[in-house]
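*Asks:* Requesting a structural model of the entry that follows:
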Amino acid sequence: MQKFRYSIGSILLATIMALAGLTLGVYSDPKWFGNFGALVVMFGVASEYALLQNELKALYSALKGKGAAECGNNGIPDLSPGEFHSKLAFISHMVIVLGTGLWGFGEWYLGWLLETV
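*Replies:* The predicted model follows:
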């Protein structure tokens, strides 16, 4: 769990930025919602990068000759990502997609939403 701390923190910061942009967009100017979308993308990419680095570190450490010997010389152990890593990667992908949409079209969407409500 400790190795996922940076990714989880980045996802939380992305969520906070989306909510801050939404709040500023509703109470100030819808343009802020789209501008904060850029920060959502940035934190989503940071989370994804951290997950990739964790995966590469695990792969490299297992391939240093220890992996096969630790498994009784039966070959290299299963190095596929764990379930929690996969879920965080999926959430990071969704944060990047959502943030990109907010960044590009957030002020239009929020402006339309405020006019209809």
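*Asks:* When you work out contacts or count neighbours from here on, use the C-alpha atoms and nothing else.
*Replies:* OK.
*Asks:* Let me see the backbone angles for the most centrally placed residue in the chain.
*Replies:* By C-alpha atoms, centre = their mean, the mean C-alpha position of the chain lies nearest to Ser92, the distance being 2.5 Å. Taking degrees, to the nearest 10, you get phi -60, psi -40 for the backbone angles of Ser92.
*Asks:* Pretty sure Gly106 sits against Lys31.
*Replies:* Yes: using C-alpha atoms under 8 Å, Gly106 makes contact with Lys31 at a distance of 7.3 Å.
*Asks:* and the closest residue in space to the residue nearest to the centre of the chain that isn't next to it in sequence, how many neighbours?
*Replies:* Sequence neighbours aside, Gly44 is the residue nearest to Ser92 in space, at 5.3 Å (criterion: C-alpha to C-alpha, 6 or more residues apart in numbering). By other C-alpha atoms under 10 Å, the residues close to Gly44 number 31.
*Asks:* which residues touch Gly44?
*Replies:* Ser10, Ile11, Ala14, Ser92, His93, Val95, Ile96, Gly99 (C-alpha atoms under 8 Å, 6 or more residues apart in numbering).
*Asks:* quick one: which of Gly106 and Lys31 has more around it?
*Replies:* Gly106 (25 against 20).
*Asks:* returning to what we had before: which members of the contacts of Gly44 are positioned in strands?
*Replies:* In strands, judged by DSSP state E, none of the contacts of Gly44 are found.
*Asks:* and of those residues, the nearest to Leu51?
*Replies:* Closest to Leu51 out of the contacts of Gly44 is Ser92 (9.1 Å), distances taken as C-alpha to C-alpha.
*Asks:* For Asp29, give me phi and psi.
*Replies:* Torsion angles, degrees, to the nearest 10, at Asp29: phi -150, psi 130.
*Asks:* State the distance from it to Trp112.
*Replies:* 12 Å (C-alpha to C-alpha, to the nearest Å).
*Asks:* Neighbour count for those two, which is higher?
*Replies:* Asp29 (15 against 12).
*Asks:* helix or strand for the residue lying closest to Thr15 once chain neighbours are set aside, which one?
*Replies:* Excluding the flanking residues, the one nearest Thr15 by C-alpha to C-alpha, 6+ apart is Val40, at 7.1 Å. Counting by DSSP states H and E, the element that carries Val40 is helix 31-62.
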